[in-house]
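>>> turn this into a model:
(2 chains)
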Amino acid sequence: MRFTVPEKELMFPGHVACPGCGGALAMRFALKALGEKTMVVLPACCWTIIDGPFPMHSLQVPVLHTAFETAAIAAAGVKAGLDIQGKNDITVMAWAGDGGTLDIGIQALSGAAERNDDIIYTCYDNEAYMNTGIQRSSATPKGAWTTTTPEKTPKSEPKKNIMEIMNAHRIPYCATATLAYPEDLINKFKKAQSIRGTKFIHIFAPCPTGWKMAPDLMIKICRLAVETNIFPIYECENGLNYSINIKPKNQIPVVDYLKPQGRFRHLIQKDIEQIQKSVDFEWELLQYRASRDFTKSKNIQSQAKK
Amino acid sequence: MKWLEKYKVQVPILEKESDYPNWAISMTTTLLNHTGTWRIFRPIYLNKIPPCNNECPTNEKIQSYMDLVKQDKLLEAYKLILEDNPFPSITGRVCYHPCETECNRKDYDESIGIHCVERFIGDWGLKKVPFAKPATKRKVSIAIIGSGPAGMASAYYLALNGFNVTIFEKKAKLGGMLRYGIPAYRLPKKVLDNEFKKLITLGVKFRTSSLVGKDITLDNLRKNFDFVIIGHGAHKNRPMVIPNEEASGVFSGLDFLSQINSGKRPKIGKKVAIIGGGNTAIDAARSCLRLGSIPTILYRRTRAEMPAVSDEIDAAEAEGIKIEFLVAPVKITVTKKGKLTGIELIKMKLGRPDASGRRRPVPVEKSNFTLKFDSIISAIGEQVDLSILSADITKTEWGVKADFIGRTNIQNIFAIGDCVTGPKTVVEAFGAGKRTALQIMGNADKIQHKVERPVQYSELNLDYFEHTQKVPPPQMPVAVRKKNFKEVHTGYSNVNAKNESERCFSCGVCNKCDNCFVVCPDLSVLKDTGEYEFDYDYCKGCGVCAHECPRYAITMIEESKAEVE
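Prediction:
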């Protein structure tokens, strides 16, 4: 097997991501997909730092740094400004972490989605506020250690399902992607670019520092997340038509994914079984959704198009 | 090209307050920021020895030619094989392929059909590629005793490099064991003749029907040639040392095969017993079958201890040849007039392991029984005929004393192949021949030794491979093949060979799969020059590339131990 990705780099090295950063690689792939005519809007997140301290920057496309809660609306504003100038061929991408998407930025994102502003909103999900020192976010999975959910009282709430929230907005395109499948990720950005309206892409981007794991396992852990069904790779059009893009060949138990990560070290057999159950449930639910074919119902289709 | 060679980095001057922009806007790129200083470990491209190459007695670069076949570069693949093994059409047929036994893929699904691919390239090359011509002539003369595999390999490399080579062969035709020992259904004589054309084109002189020791003496050769290479093999049948061994109707395995391979059809009758469990025994049995007899192999140990190549035993069994295990001959029974009637056997059981590590067979008392046969073929092993050697050459229990390179105690006399090791395999003889040639040519530094630890299965990243089935070696159906001496294996097609080579993991050797380039979060894998290189100005040493390399061609080394550039 051999990966084929666009050769052109739109990023510079020397950025200050930690070694083995999933978020940095995600940006590299996203820009390879979107090309030069792209503007990136960054709220407070790891990438604010990764991009480089003043006077440096690491992207070969324009970047607007903005406040934590405003990624979606700032991007929509940039897009509106470009439209007024008649520059219609520029893709505007908001690029926020899980904190800036699932917690702090959600009202701006929901607003943009409701107005169907023409932006790509990417959430690179490293499952905690890594940049500020690994505090739990609503994307942190149940049972995980963070500095605010220490080992004795690990996070007790399950991860918020942002994909379902976004699907409920009936935006034209929502997708998940991860770094072990670069071609799938790049194709999804290209597809998003070709659609008008709000597009939401949820990237599973490991943080070796915050997950307490060896940095060289970064890609491996992405693959395990998909193969254990912890993070299924799927897309959904108009909030209705689900399709699973990568179907794991063999069922791998979640423990294979949990084990290499120090943030799950304290889990006992019972916790792992519970995680397995909830993963199995979510996977079955997703398969059920993907098996529904809404194209057959003219009524639903005509409604969805509005 | 390194990033800093490609881009000129602007360093903004920010000394006074007025140098600063009115709002926070970037003025240069992060290329200023040499994140390489963070590194504790550094990745380096370091190709390692794959287990197949390591195990090959001729050190063929198997992984490399698999890669070339993948890319349809058959000529390059053929030339690469010839660097280490001049006669791939022979080894592709008769080699016991230790490469496949060691192939890491066997732990994943099935080993690669290396010998079938080798045979395909060998046959392709024989048909399509003109034979090599010798390099500029040198005034060094070499006598090789024996035209078997060991002598052939030596002769090829020496003649290719301009040496004057003369081969002395006692038989009328060339090839030694390849011609007279191996039956045509495994190695057609035409293939052998075609391979010999390589030596003829190189100008090697042949003196057939000249037995050293009788027609010409070794001392004579020593006087007239700069170097003498002894490679006369092991052709003496080991006696069974049982009563009536000399009775008519008792054949020695090698004599029997030699007669068949010379086109004769010895009278063996209907029921034939073959005694022994080595390749000669299997070859003799399968030849008997093809002559219309019913052969039975009698072996004193069990299947697990049989020294014959496992594939050959399987093939014999598939053809319906019966093997009786744990029986040893006691005497050959004859009528009063001396006519053979059968053989008296004794049952055996396995005792403690002997020097070879195999369990020693021990007779079961009073278990004697007699079986009726029309003829008996004894194939319990071959010995080296030491009578041709002069007294000053040191010998061992079983043959000439020589080291890995073939050096004997006398300078300018080398000994290679079965006459040193006792009966071994064709490919080992090729390997020995090549090493001696390299030594004589003054390229001793090119002689390869086995490494202790080739690339292990656990060192590969198998996420990037799909399970695929081996392309089964095509062969004639049993019902057809057991009636004649036509070749059993029909060989891979071009498509087969390509499909099979695509299964190769390329253990330890970069084959430009681009993984390292794709997965680097720090854009520090560069490939503008066509070769991968790391940009150590920026590589943070995360190790993702090394982990995601499917074939363990990248190694992480401690930064403090890295060479200062």
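>>> and the gap between residue B:336 and residue B:244?
12 Å (Cβ to Cβ, to the nearest Å). All C-beta atoms are positioned from the backbone trio N, CA, C, and that covers glycine.
>>> looking at these two, which one has more neighbours?
Neighbour comparison, residue B:336 and residue B:244: the larger count goes to residue B:244, with 17 against 5 (by other Cβ atoms under 10 Å in any protein chain shown).
>>> pretty sure that one contacts residue B:332?
Yes - here residue B:244 reaches residue B:332: they are 4.0 Å apart, a contact under Cβ atoms under 8 Å.
>>> around chain B, which positions in the stretch 151-300 of chain A sit nearby?
Residues of the stretch 151-300 of chain A lying close to chain B (Cβ under 8 Å from any Cβ of the partner chain) are A:179-180, A:182, A:208, A:214-220, A:223.
>>> of the residues you listed, closest to chain B?
Set against chain B, the nearest of these by Cβ to the nearest Cβ is residue A:216 (3.2 Å).
>>> show the backbone phi and psi for residue B:342.
Backbone torsions for residue B:342, taken as degrees, to the nearest 10, come to phi 170, psi -150.
>>> what does residue A:201 give?
The phi/psi pair for residue A:201 (degrees, to the nearest 10) is phi -120, psi 130.
>>> now it, nearest residue through space, not along the chain?
Of all residues not flanking residue A:201 in the chain, residue A:122 sits nearest, at 4.8 Å (Cβ to Cβ, 6 or more residues apart in numbering or on different chains).
>>> ok, that neighbour to chain B distance?
Separation of residue A:122 from chain B (Cβ to the nearest Cβ, to the nearest Å): 16 Å.
>>> pull the contacting residues for that residue.
Counting by Cβ atoms under 8 Å, 6 or more residues apart in numbering or on different chains, residue A:122 makes contact with A:26, A:30, A:93-96, A:200-203.
>>> hmm, back to that, overlap in contacts of residue B:244 and residue B:332?
Residues touching both residue B:244 and residue B:332 (Cβ under 8 Å, 6+ apart): B:250, B:340.
>>> ok, back up a step: need the residues of the stretch 151-300 of chain A next to chain B in TSV (columns: secondary structure).
Shown next, in TSV, are these (DSSP: H, G, I helix; E, B strand; the rest coil):
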residue	secondary structure
A:179	coil
A:180	coil
A:182	helix
A:208	coil
A:214	coil
A:215	helix
A:216	helix
A:217	helix
A:218	helix
A:219	helix
A:220	helix
A:223	helix
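>>> farthest-apart pair in those, please.
Across these, the longest distance by Cβ to Cβ is 20.7 Å; it joins A:182 and A:214.
>>> out of the two, which sits in the more crowded spot?
For the pair residue A:182 and residue A:214, the greater number of neighbours falls to residue A:182 (23 against 18), based on other Cβ under 10 Å.
>>> tell me where the model's unsure across the chain.
Since no chain was named, I'll use chain A. Low-confidence segments of chain A, defined by pLDDT under 70: A:1, A:300-306.
>>> please go with chain B instead
Applying pLDDT under 70 to chain B picks out residues B:563-565.
>>> domain assignment for it?
B:3-48+B:510-561, B:55-129+B:460-500, B:141-234+B:384-446, B:239-382 (automatic domain parsing).
>>> dump those to TSV, plus distance to chain A.
Putting these into TSV (distance: least, Cβ to the nearest Cβ, whole Å) gives the following:
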stretch	distance to chain A
domain B:3-48+B:510-561	3
domain B:55-129+B:460-500	5
domain B:141-234+B:384-446	33
domain B:239-382	31
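>>> those domains into CSV, with extra columns for distance to residue A:171?
Below are the domains of chain B laid out as CSV (distance: least, Cβ to Cβ, whole Å):
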stretch, distance to residue A:171
domain B:3-48+B:510-561, 29
domain B:55-129+B:460-500, 33
domain B:141-234+B:384-446, 66
domain B:239-382, 62
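>>> ok, back up a step: intersection of neighbour lists for residue B:336 and residue B:244?
By Cβ under 8 Å, 6+ apart, residue B:336 and residue B:244 have no common neighbours.
>>> quick check: residue A:113 touching residue A:167?
No - Residue A:113 is beyond contact range of residue A:167, at 10.1 Å (criterion: Cβ under 8 Å).
>>> higher neighbour count, those two?
Ranked by neighbour count (other Cβ under 10 Å), residue A:113 and residue A:167 place residue A:113 first, with 25 against 19.
>>> now the nearest residue to residue B:518 once chain neighbours are set aside: how far from residue B:374?
Nearest non-adjacent residue to residue B:518, counting by Cβ to Cβ, 6+ apart: residue A:3, 4.6 Å away. Distance, residue A:3 to residue B:374, using Cβ to Cβ: 66 Å.
>>> can you show me the strands along chain A?
A:38-42, A:56-57, A:63-65, A:91-97, A:120-125, A:173-178, A:199-204, A:233-237, A:241-246 (DSSP state E).
>>> what strands line up against the shortest one, and which way round?
Using DSSP bridges, the strands paired with strand A:56-57 in its sheet are strand B:28-29 (parallel).
>>> ok so, going back, which among the contacts of residue A:122 end up buried?
With burial judged by 16 or more other Cβ atoms under 10 Å in any protein chain shown, the buried subset of the contacts of residue A:122 is A:26, A:30, A:93-96, A:200-203.
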